[in-house]
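1. Just a sequence and a predicted model for now, questions to come.
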Amino acid sequence: GPAPDSHFISGQPVQIRIDATDSWGNIINDESTVTFRTDDDYDANDPRSVPLTAGTSIFTHIFITERTADLNEVTTPRNVTSSTATCTGFASQSVAVVVDDDNTVRNLQILVQGENPLPGSSVWPNGGKTGQPDGNLGTGPIENFYAGQNIELKIRAVDNFFNLVEFPSVGGPTVQLWSDDPFVANPLVPGAGMANGVLTTTVQLKTKNTDGWVITATAVAGGYGFNNQTSALIKIEAGALTRLQILAPGETAVPGSSTGKMGTPTAQKAGVQFNLPNKSVRAVDSYYNEVNTNGNVTVTMRDPFGSPQSQTFALSAGENATPIPITLMISTDSFSPQELYVEGLGLSKSTSTAIPVNPDTAVKLQVLLPGETAVPGSNTGRTGSPTQVPAGSTITAIINLVDANFNRVPQLTQPAVTLKTTDPYSFYTLNPSQITLGNNGTGTMQMAFQRMNAAGWTVEASTVGLLSVSPGYSQPIVVIATTTDRLQLIL
């Protein structure tokens, strides 16, 4: 053979001579047709008919499949190729030949769990294997893999007929593996060596894709690149159910990513209903792939005045099939973060991204006296009662521009406001007589009552000028007499 060790090389032409002879090896002048065949089903032009001319035929044959018993290169089930010539009237003859891989060729083959090599069966890069990717090598039908599963891969150095090249002429290659799954860290294998022409390793893919991802193998040895190969499609299903996901309006699910979503929540208006669209509540695995499951889940909220405070509904195939109505009452100017929660299916509670909530349109003024605190979103907009004051004492009143739910409304154009009591005989002083609220929608004024009132005076805040909203009213503030310091004479 042409190889230094007298082996034939896969894919290289070999000259074969067949002679018709007598029992002592003398060539007979015969014009018969001889049939030449090998026991390698993948050899080229095999079997072939070979006509004798004056008892001899010379032709070229190509052996394909590696068969050898050399150290570290033993092939199974056969380690030689049997070549046989037959012709009617002649005794047949067989010769065993050794066929080696072509170690000057630098090709890669990638086999996914469930696939097996089939040397000689086809020409690189297509074929060369049997089976198909299988996520469960046990008995039963072929199964897809699941996200996060260890997938066994074998990367082989091969010649043009997928014979294993145990010892490439340029040296042992260093292999890298890459995937088109957008959420894995490439390279999956940053650099690993082969042992006798094979690298066995495992990788994980993250993103559900029932059409399948592919893995590409690259390699370099001695400064020479190997011809890359791409795997068969690796179909990925969701893994085990591990959590619930809730998406705010403006967000989109991104399975496989570190957060499972993209986008920014859309700002909502306080007191105005919005809906979580279909597929906003999802049952997912560790990589946010949707898990096909059914069952009841409950959505709640952080807003103490929002509605509904709790609503339970069924997931269908791992997602909400109908919109979920939500009304948040407090603007995030004074209450943050505004969050939604979901729990159920025996899983821990999950939290949404914070939802920005803006106040609605300004419709009225709010007056807060000492002892009162603003409570946006509530029915009354405040808590506490005005602290009683001695007649003549100065108090600070807070005036807010608010929406229908008592959320303060910041805006560039603010109204001018003034204060008065609802009783003309309350006898009060006001400093200043009017103010323009700040851009944040609030302002303060000083007020003093000269006349006591055990039932309390009610303070009214109203607008002055063109920018008009409804007036606001305080709770009654009790005014008590001061310590006696003079006499009054009435005639």
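-> Cool, got the structure.
2. Show me the shaky parts of this protein.
-> Applying pLDDT under 70 to the chain flags residues 1-6, 484-489.
3. how many neighbours does residue 328 have?
-> Counted with other CB atoms under 10 Å, residues neighbouring residue 328 total 28. (Each C-beta comes from the backbone N, C-alpha and C, glycine too.)
4. Tell me how far stretch 435-450 lies from the chain's centre.
-> 52 Å (CA atoms, centre = their mean, to the nearest Å).
5. How far does it stretch from one end to the other?
-> Distance across stretch 435-450, first residue to last, is 22 Å (CA to CA, to the nearest Å).
6. got the contact list for it?
-> 362, 389, 391-402, 408-412, 414-419, 421, 426-432, 457, 459, 477, 479 (CB atoms under 8 Å, 6 or more residues apart in numbering).
7. Mind telling me what element the nearest residue to residue 380 once chain neighbours are set aside is part of?
-> Spatially, and ignoring its direct neighbours in sequence, residue 380 is nearest to residue 406 (7.7 Å; CB to CB, 6 or more residues apart in numbering). Assigned by DSSP states H and E, residue 406 falls within no helix or strand.
8. Tell me how far residue 406 lies from residue 330.
-> From residue 406 over to residue 330 the distance is 9 Å, taken as CB to CB, to the nearest Å.
9. Return every residue with contacts to both of these two.
-> Taking CB under 8 Å, 6+ apart as the criterion, residue 406 and residue 330 both touch 376, 377.
10. From the chain's centroid, how far away is stretch 406-415?
-> 41 Å.
11. The residue nearest to residue 380: neighbouring residues, count only.
-> For residue 406, using other CB under 10 Å, the count is 27.
12. Number the residues from 31 up from this point.
-> With the count now opening at 31, the last piece we talked about shows up as residue 436.
13. wait, isn't it in contact with residue 406?
-> Yes. Contact criterion CB atoms under 8 Å: residue 436 and residue 406 qualify, at 5.1 Å.
14. sec struct for residue 385, please.
-> State at residue 385, reduced to three classes by DSSP: H, G, I helix; E, B strand; the rest coil: coil.
15. For residue 328, give me its contacts.
-> 340, 341, 342, 372, 373, 374 are the contacts of residue 328 under CB under 8 Å, 6+ apart.
16. what about 10 Å?
-> Residues in contact with residue 328 (CB atoms under 10 Å, 6 or more residues apart in numbering) are 340, 341, 342, 343, 371, 372, 373, 374, 379.
17. which of those residues are buried?
-> 371, 372, 374 (16 or more other CB atoms under 10 Å).
18. In strands only, show me those residues.
-> If you go by DSSP state E, the buried ones among the contacts of residue 328 have 371, 372, 374 in strands.
19. will you turn those residues into a markdown table that also has distance to residue 521?
-> Shown next, in a markdown table, are these (distance: CB to CB, whole Å):
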| residue | distance to residue 521 |
| --- | --- |
| 371 | 73 |
| 372 | 78 |
| 374 | 82 |
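20. Looking at those residues, which is nearest residue 218?
-> residue 372 (33.4 Å; CB to CB).
21. pretty sure the closest one is touching residue 326, no?
-> No. Assessed by CB atoms under 10 Å, residue 372 is found out of contact with residue 326, at 11.0 Å.
22. what residues do these two have in common as contacts?
-> residue 345.
23. Spatially central residue for this structure, please.
-> Nearest to the mean C-alpha position of the chain, by CA atoms, centre = their mean, lies residue 286 at 2.1 Å.
24. who's in contact with that residue?
-> Counted by CB under 10 Å, 6+ apart, residue 286 has contacts 177, 211-214, 235-239, 266, 315, 317-319.
25. among those residues, which ones are buried?
-> The neighbour-count test (16+ other CB under 10 Å) marks 177, 211, 213-214, 235-239, 266, 315, 317-319 as buried among the contacts of residue 286.
26. ok, of these, which one's closest to residue 280?
-> Set against residue 280, the nearest of those by CB to CB is residue 318 (17.2 Å).
27. wait, what's in contact with that closest one?
-> Counting by CB under 10 Å, 6+ apart, residue 318 has contacts 177, 213, 236-238, 268, 272-273, 275, 283-291, 312.
28. picking up where we left off before, so what sits against both of residue 436 and residue 406?
-> Joint contacts of residue 436 and residue 406 (CB under 10 Å, 6+ apart) are 300, 335, 359, 360, 361, 364, 389, 396, 412, 430.
29. if we can go back for a sec, among the contacts of residue 318, which are in strands?
-> 273, 275, 283, 291, 312.
30. With residue 189 as the reference, measure out to residue 150.
-> The value you get for residue 150 to residue 189, if CB to CB is used, is 10 Å.
31. Spit out the residues that contact those two alike.
-> Joint contacts of residue 150 and residue 189 (CB under 10 Å, 6+ apart) are 40, 41, 94, 96.
32. The residues you listed into a markdown table, with extra columns for distance to residue 197, secondary structure and neighbour count?
-> Below are the shared contacts of residue 150 and residue 189 laid out as a markdown table (distance: CB to CB, whole Å; DSSP: H, G, I helix; E, B strand; the rest coil; neighbours: other CB atoms under 10 Å):
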| residue | distance to residue 197 | secondary structure | neighbour count |
| --- | --- | --- | --- |
| 40 | 14 | coil | 26 |
| 41 | 17 | coil | 19 |
| 94 | 20 | coil | 26 |
| 96 | 12 | coil | 30 |
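33. quick one: which of these is nearest residue 121?
-> Closest approach to residue 121 among the shared contacts of residue 150 and residue 189 (CB to CB): residue 94, at 27.5 Å.
34. now that closest one: how far from residue 377?
-> Taking CB to CB as the measure, residue 94 falls 57 Å from residue 377.
35. buried residues in stretch 324-334?
-> Applying a neighbour-count criterion of 16+ other CB under 10 Å, one finds 327, 329, 330, 331, 332, 333 buried in stretch 324-334.
36. in the sheet, who's paired with the fourth one?
-> Listed by DSSP bridges, the beta-bridge partners for residue 331 are residue 370.
37. give me the number of residues near the residue nearest to residue 284 when sequence neighbours are not counted?
-> Distances taken as CB to CB, 6+ apart place residue 292 nearest to residue 284, at 4.9 Å, with adjacent residues excluded. Residue 292 has 12 neighbours, counted by other CB under 10 Å.
38. same thing with residue 58?
-> So residue 58, with other CB under 10 Å, has 14 neighbours.
39. got a list of what it touches?
-> Residues in contact with residue 58 (CB under 10 Å, 6+ apart) are 49, 50, 51, 52, 82, 84, 85, 86, 120.
40. Can you select the buried ones from those in PyMOL?
-> Only the buried entries of these go into this PyMOL selection, using 16+ other CB under 10 Å:
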select buried, resi 49+50+51+82+85+120
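41. Rebuild the contacts of residue 58 as TSV, extending it with secondary structure and distance to residue 112.
-> Below are the contacts of residue 58 laid out as TSV (DSSP: H, G, I helix; E, B strand; the rest coil; distance: CB to CB, whole Å):
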residue	secondary structure	distance to residue 112
49	strand	19
50	coil	21
51	strand	20
52	coil	24
82	coil	22
84	coil	27
85	coil	24
86	strand	22
120	strand	18
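42. want to throw the contacts of residue 58 into TSV with distance to residue 351?
-> TSV is the format used below for these (distance: CB to CB, whole Å):
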residue	distance to residue 351
49	82
50	82
51	85
52	89
82	80
84	86
85	84
86	82
120	80
